[in-house]
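Peer 1: Structure of the sequence below:
(one chain, ligands or ions: 1)
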Amino acid sequence: MNIALIGYGKMGKAIETIALEKGHNIVLKIDINNASDFNQENISKADVAIEFTGPHSAFVNVMKCLELGIPVVCGSTGWLDQWEETKSYCEKQNGSLLYASNYSIGVNLFFEINKFVAKLMCNHTDYNVVMEEIHHTQKKDAPSGTAITLAEQILSFSKSKQQWVNEITQKAEDLEIVSKRIDPAPGTHTIKYTSSVDDIEIIHTAHNRVGFAGGAVLAAEFLHDKKGIYSMKDVLGL
Ligand SMILES: NC(=O)c1ccc[n+]([C@@H]2O[C@H](COP(=O)([O-])OP(=O)(O)OC[C@H]3O[C@@H](n4cnc5c(N)ncnc54)[C@H](O)[C@@H]3O)[C@@H](O)[C@H]2O)c1
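Peer 2: This is a model prediction of the structure:
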């Protein structure tokens, strides 16, 4: 497979290593310094683009991939207020798009565990639920995209929580997400159900970026010959 990397930072480089190990070719590497090379001529050498730039550039980059007719796997977080517009444009273009707030297989299993626990706990109103996420200090968005996914799953089952808030709160209707920025944490998410008699916690801790990068390459292998809009659930058959 010929891959274009849109974003060649920590994640772009980790993806390159794994893609090369798996026998794929990297035919284009775009970062902030050569953004003008992201054009029809260069992108047409690729079968699929993998976009990991950041919250402020993801939407424009994904739309450009769709406009230029290249399937795009996007991992940038913090831009999903523009998701509906992106989805509509993908459908209009008959394009190929895969988004995941987290590409790690472990986190995608953790999402399923989170739903199971949230469903189990929703009738046990003695317990309050809170979340904490820890990432490295260069992370631009808070809470993390993964924390938002986890929060939305909890909200879909909870009888008391109405919305998530990114601060410490005493309000029963708010799901508290505390974001901590500590180097070199690649990503830790903790969900804690707490009562006056005991606590129940589920935790996912990423040890490095290999899990995210491997999942993104797997997603690109899945997407490159398909049309439509997909998630990691489709890739992993969850
Ligand atoms: N979905 C996941 O599994 C997952 C995992 C880790 C990180 N992320 C997200 O991926 C994104 C990137 O993370 P990172 O740690 O690699 O960041 P980084 O800062 O190390 O790298 C970002 C790269 O994007 C480039 N870039 C920035 N603006 C650009 C633009 N307008 N055009 C082209 N290139 C541009 C930069 O030059 C750099 O090469 C973040 O949003 C992060 O939250 C997602």
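
Peer 1: which stretch of helix or strand covers the residue lying farthest from the centre of the chain?
Peer 2: Distance from the C-alpha centroid of the chain peaks at residue 197, with 34.8 Å (C-alpha atoms, centre = their mean). Using DSSP states H and E, residue 197 maps to neither a helix nor a strand.

Peer 1: And for the one 10 residues further on?
Peer 2: Residue 207 is located outside every helix and strand, with elements delineated by DSSP H and E.

Peer 1: cool, and residue 179?
Peer 2: Per DSSP H and E, residue 179 falls inside strand 174-181.

Peer 1: pLDDT on that strand, on average?
Peer 2: For strand 174-181, mean pLDDT rounds to 98.

Peer 1: Okay, buried residues for it please.
Peer 2: Neighbour-count burial for strand 174-181 flags 174-179 (criterion: 16 or more other C-beta atoms under 10 Å). Heads up, the C-betas are built off the backbone N, CA and C, glycines and all.

Peer 1: quick one: which of the residues you listed is nearest the ligand?
Peer 2: Nearest to the ligand among the buried residues of strand 174-181, counting by C-beta to the nearest ligand atom, is residue 179 at 12.2 Å.

Peer 1: now the spatially closest residue to that closest one that is not a sequence neighbour: how far from the ligand?
Peer 2: Leaving aside its chain neighbours, residue 179 sits nearest to residue 142 (4.0 Å; criterion: C-beta to C-beta, 6 or more residues apart in numbering). Remark: distance between residue 142 and the ligand (C-beta to the nearest ligand atom, to the nearest Å) = 10 Å.

Peer 1: quick one, what contacts the residue of the chain found nearest the ligand?
Peer 2: Nearest residue of the chain to the ligand: residue 9, at 1.8 Å (C-beta to the nearest ligand atom). Contact analysis of residue 9 by C-beta atoms under 8 Å, 6 or more residues apart in numbering lists 31, 52-53.

Peer 1: filter those residues down to the ones near the ligand?
Peer 2: 31, 52-53 (C-beta under 6 Å from any ligand atom).

Peer 1: re the thing from before, hang on, the residue nearest to residue 179 in a helix?
Peer 2: No. Counting by DSSP: H, G, I helix; E, B strand; the rest coil, residue 142 falls outside a helix, being coil.

Peer 1: Could you give the number of residues near it?
Peer 2: Residues lying near residue 142 (other C-beta atoms under 10 Å) number 16.

Peer 1: try the one 4 residues further on
Peer 2: A count of neighbours around residue 146, defined by other C-beta under 10 Å, yields 24.

Peer 1: hang on, isn't it packed against residue 103?
Peer 2: No. If you go by C-beta atoms under 8 Å, residue 146 and residue 103 don't touch, sitting 10.1 Å apart.

Peer 1: ok, and the closest non-adjacent residue to the most centrally placed residue in the chain?
Peer 2: Taking C-alpha atoms, centre = their mean, the centroid of the chain lies closest to residue 101, which sits 1.3 Å from it. Using C-beta to C-beta, 6+ apart and skipping the chain neighbours, the partner closest in space to residue 101 is residue 145 (3.3 Å).

Peer 1: Look up how far residue 78 lies from that neighbour.
Peer 2: Plainly put, residue 145 is 7 Å away from residue 78 if you go by C-beta to C-beta, to the nearest Å.

Peer 1: In the chain, spot the helix with the most residues.
Peer 2: Longest helix in the chain by number of residues (criterion: DSSP state H): helix 105-121.

Peer 1: Buried ones in it, by neighbour count?
Peer 2: 105, 107-108, 110-111, 114, 117-118, 121.
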